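Chemist: Okay, here's the prediction I keep looking at, along with the sequence it came from:
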Amino acid sequence: MSAPELIRIVSRDSPMALAQVERVRAELGALHPGIATEVIPVKTTGDRWMGALSQVEGKGAFTKEVDAALLAGDADLAVHCVKDIPGDRPLPAGTTFAAFLARDDVRDALIHPGGLTLDELPAGTRIGTSSVRRIAQLAASHPQLQCVPMRGNANRRMEKLAAGEADALLLAVSGLERIGRTDVITQILSADEMCPPVGAGVLALQCREDDTQTIDAVSGLGHPQTFQETTAERMLLHVLQGHCNSPIAGYAKTDRRGELSLRACVFTPDGKTVLNAHEWAGPLTPETLGTSVAVALLRQGARELIDGIAH
Ligand SMILES: NCc1[nH]cc(CCC(=O)O)c1CC(=O)O
């Protein structure tokens, strides 16, 4: 199969999303210098709507319009944060993952203009985040702090912080790296203090499943270890069937010996109940590891907990 002359790349139009596309273009350019690329930015429902995501299409709000452009043939390749791709339903029919790029930092960071750490923040400090995963974990570890709703892309959240809408923010380290703003970080939270979300720090390349020309051209950008980790995490999310208000964390990690393990937690929104499971893959495939950890959480009552949260 001959390589395509041009690959049209569709993505959200936030500064972070466009930086992600530039990474893809750079990696693709190094692998296939002969392929030209064109960027097609689109605004998604998730970018326009500043209320609760559960009031729009929930988790699909950041991917719907991008996937529609891919399926309509207006673009050949979609770049998504895996974290933003719904895990409780299959990918849109007719599309497939062609590659997962090497994983970036999975951790969350605190941004506090006064330079304090989480432990040092005075009671009542307002943390701007609408993430149910961050809210639940913070309620469990730092109940004296108060979360206030905060949506919008990372640059806009920093503007809102400067305008006094919150006293501090929690944002992904990888996102801040992509927009060149690691300077605002005052503390990086370890994955043990704040368990990352499924797909943290991973970019997915999605194609039409019949477009073997583009799939073949971009599949060389895939990172095998990231593929294994992401596959285990997404299977966990699929089996748990979480909804857009489910506080779920899941983090698969490959150690120095190459051994894959998966930790996952399901919380109540108030952080008072924390279900926790951790397993090593051993001979299991990543899919089976994800299923096994999900089953361990279901045995602890995850179904009742997830279904008990309004959405
Ligand atoms: N919810 C938006 C979003 N989607 C992916 C990232 C970060 C980058 C990543 O984890 O791939 C962010 C920003 C954030 O949570 O701070």
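Modeler: Received, thanks.

Chemist: For the rest of this, base every contact and every neighbour count on C-alpha atoms.
Modeler: Noted.

Chemist: What does the pLDDT read for the residue of the stretch 201-311 of the chain at minimum distance from the ligand?
Modeler: Here the residue of the stretch 201-311 of the chain nearest the ligand is Gly201; by Cα to the nearest ligand atom that distance is 3.5 Å. Gly201 carries a pLDDT value of 98.

Chemist: Could you do Asp211 as well?
Modeler: The predicted local confidence for Asp211 comes out at a pLDDT of 98.

Chemist: how close does it sit to Ala75?
Modeler: Counting by Cα to Cα, to the nearest Å, the separation of Asp211 from Ala75 is 11 Å.

Chemist: And the two? Which one has more around it.
Modeler: Under the neighbour definition other Cα atoms under 10 Å, Asp211 and Ala75 were set side by side, and Ala75 has more, 22 against 14.

Chemist: still on that earlier bit, how deep is the residue of the stretch 201-311 of the chain closest to the ligand tucked in, by neighbour count?
Modeler: For Gly201, the tally of surrounding residues (other Cα under 10 Å) stands at 22.

Chemist: so it is in which element?
Modeler: Assignment of secondary structure by DSSP states H and E places Gly201 within no helix or strand.

Chemist: Begin at 803, not 1, for the rest of this chat.
Modeler: Yep, numbering from 803; the last one is Gly1003 now.

Chemist: isn't it right up against Ser976?
Modeler: Yes. If you go by Cα atoms under 8 Å, Gly1003 and Ser976 touch, sitting 5.8 Å apart.

Chemist: any shared contact partners between the two?
Modeler: Asp906, Asp907, Val908 (Cα atoms under 8 Å, 6 or more residues apart in numbering).

Chemist: If you average the pLDDT over stretch 1069-1082, what comes out?
Modeler: Averaging pLDDT along stretch 1069-1082 yields 97.

Chemist: what does it rub up against?
Modeler: If you take Cα under 8 Å, 6+ apart as the criterion, stretch 1069-1082 is touched by 934-935, 937-942, 1048-1050, 1061-1068, 1091, 1095, 1098-1099, 1102, 1104, 1107-1108, 1111.

Chemist: Just the buried ones from these?
Modeler: With burial judged by 16 or more other Cα atoms under 10 Å, the buried subset of those is 934-935, 937-942, 1048-1050, 1062-1068, 1091, 1095, 1098-1099, 1102, 1104, 1107-1108.

Chemist: Show me which residues of the stretch 853-1002 of the chain sit near the ligand.
Modeler: Contacts of the stretch 853-1002 of the chain with the ligand, taken as Cα under 6 Å from any ligand atom, map to Cys883, Lys885, Asp886, Leu973, Ala974, Ser976, Gly977, Ala1002.

Chemist: same thing but 5 Å
Modeler: By the criterion of Cα under 5 Å from any ligand atom, the positions of the stretch 853-1002 of the chain lying close to the ligand are Cys883, Leu973, Ala974, Gly977, Ala1002.

Chemist: Spatially, and excluding backbone neighbours, which residue is closest to the third one.
Modeler: Spatially, and ignoring its direct neighbours in sequence, Ala974 is nearest to Asp910 (4.3 Å; Cα to Cα, 6 or more residues apart in numbering).

Chemist: and if you look at the last one?
Modeler: Spatial nearest neighbour of Ala1002, chain neighbours left out: Val908 (5.1 Å); criterion: Cα to Cα, 6+ apart.

Chemist: what residues are up against the one you found?
Modeler: The neighbourhood of Val908, defined by Cα under 8 Å, 6+ apart, consists of Ala974, Val975, Ser976, Ala993, Pro998, Ala1002, Gly1003.

Chemist: And for Glu979?
Modeler: By Cα under 8 Å, 6+ apart, Glu979 lies in contact with nothing.

Chemist: Name the secondary structure element that contains it.
Modeler: If you go by DSSP H and E, Glu979 is part of helix 975-980.

Chemist: Now the element after that helix, going C-ward?
Modeler: Beyond helix 975-980 in the direction of the C-terminus, DSSP H and E gives the next helix or strand as strand 989-990.

Chemist: between the residues of the stretch 853-1002 of the chain next to the ligand, which has the most around it?
Modeler: The most crowded member of those, judged by other Cα under 10 Å, is Ala1002 (27 neighbours).

Chemist: give me phi/psi at it?
Modeler: phi -60, psi 130 (degrees, to the nearest 10).

Chemist: Wait, it touches His882, no?
Modeler: No. Ala1002 is beyond contact range of His882, at 11.5 Å (criterion: Cα under 8 Å).

Chemist: The lowest-mean-pLDDT helix or strand in the chain and the ligand, are they touching?
Modeler: For the chain, the helix or strand with the lowest mean confidence is helix 847-850, at a mean of 82 (criterion: mean pLDDT, DSSP states H and E). No. Judged by Cα under 5 Å from any ligand atom, helix 847-850 makes no contact with the ligand; its nearest approach is 9.3 Å.
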